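Engineer: Have a look at this prediction, sequence included:
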Amino acid sequence: MTDSYNPTQMEKSWNQFAQRMNEEFLDAMEQNMEAQAEFVESWSETVEASAGGETAEGVQGYAKAYEVWMDAAQQMVERANDALEGEEVEVEEFRDTWLNAANEAFKEAMSTTAFAAATGETVSQTLEIQQDADEVAENTLHTLGFATEGDVTEIGSRLVELERRQQAVENKLDRILEELEE
């Protein structure tokens, strides 16, 4: 009688399944890292194109953000390999690594003057578009015969002015009546 271990077909199937899942996980992680790298490169190019004199500082900030992403990706690969070698690795560790990397990378990128300039430009453009849309809406409402916010504000201002004048007339009448009574 031999003491050799003979795995059953079910154990072989499970091992094959686990190996396939691990390979797919590593492939997905590699694709994720490539996508992150493309995102950071695209982001950097966009900011570089829209920023004026802040370009060098902006690129440096985005390079630091890229480094943070790549360090996180390396940590993920190392921990995935640890898991493949049998070490118990919590799923939350993967999530936390990416969340921390995202926070750090965005902090690096958002603290640049290039990001501030790009954000300021975007806000300015958005406000211009909103102002144009408000003007179109007001013109449309006028054309349709509806009162607009501007109309209501103007009426309110006129009412306040009329009340002020009425109060002045009442004060004068009160003084005249007092003079006549004396």
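Structural biologist: Cool, the structure landed. Numbers count the residues shown, from 1 in each chain.
Engineer: C-alpha only now, for contacts and for neighbours.
Structural biologist: Noted.
Engineer: And the residue most central in space within the chain, how far from F115?
Structural biologist: For the chain, F106 is the residue whose C-alpha lies nearest the centre (Cα atoms, centre = their mean; 10.0 Å). Noted for F106: a distance of 10 Å to F115, by Cα to Cα, to the nearest Å.
Engineer: what sits against the residue nearest to the centre of the chain?
Structural biologist: Each residue near F106 by Cα atoms under 8 Å, 6 or more residues apart in numbering is listed here: A65.
Engineer: buried sites along whatever helix or strand it lives in?
Structural biologist: Per DSSP states H and E: F106 is located in helix 91-110. Buried residues in helix 91-110, defined by neighbour count with 16 or more other Cα atoms under 10 Å: 94, 97-98, 101-102, 104-106, 108-110.
Engineer: what about the helices in the chain?
Structural biologist: 9-50, 55-84, 91-110, 113-144, 149-181 (DSSP state H).
Engineer: can you put these in JSON lines and add mean pLDDT?
Structural biologist: Formatted as JSON lines, those follow (pLDDT from 0 to 100):
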{"stretch": "helix 9-50", "mean pLDDT": "72"}
{"stretch": "helix 55-84", "mean pLDDT": "78"}
{"stretch": "helix 91-110", "mean pLDDT": "81"}
{"stretch": "helix 113-144", "mean pLDDT": "85"}
{"stretch": "helix 149-181", "mean pLDDT": "93"}
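Engineer: which one of these is the most hemmed in?
Structural biologist: Of all those, helix 55-84 has the most neighbours on average by mean count of other Cα atoms under 10 Å, namely a mean of 19.
Engineer: Now do that one against helix 9-50, angle only.
Structural biologist: Here helix 55-84 runs at an angle of 180 degrees relative to helix 9-50 (axes from the mean of the first three to the mean of the last three Cα atoms, to 10 degrees).
Engineer: Just want the angle from helix 55-84 to helix 113-144.
Structural biologist: For helix 55-84 against helix 113-144, the angle by the same axes, to 10 degrees is 100 degrees.
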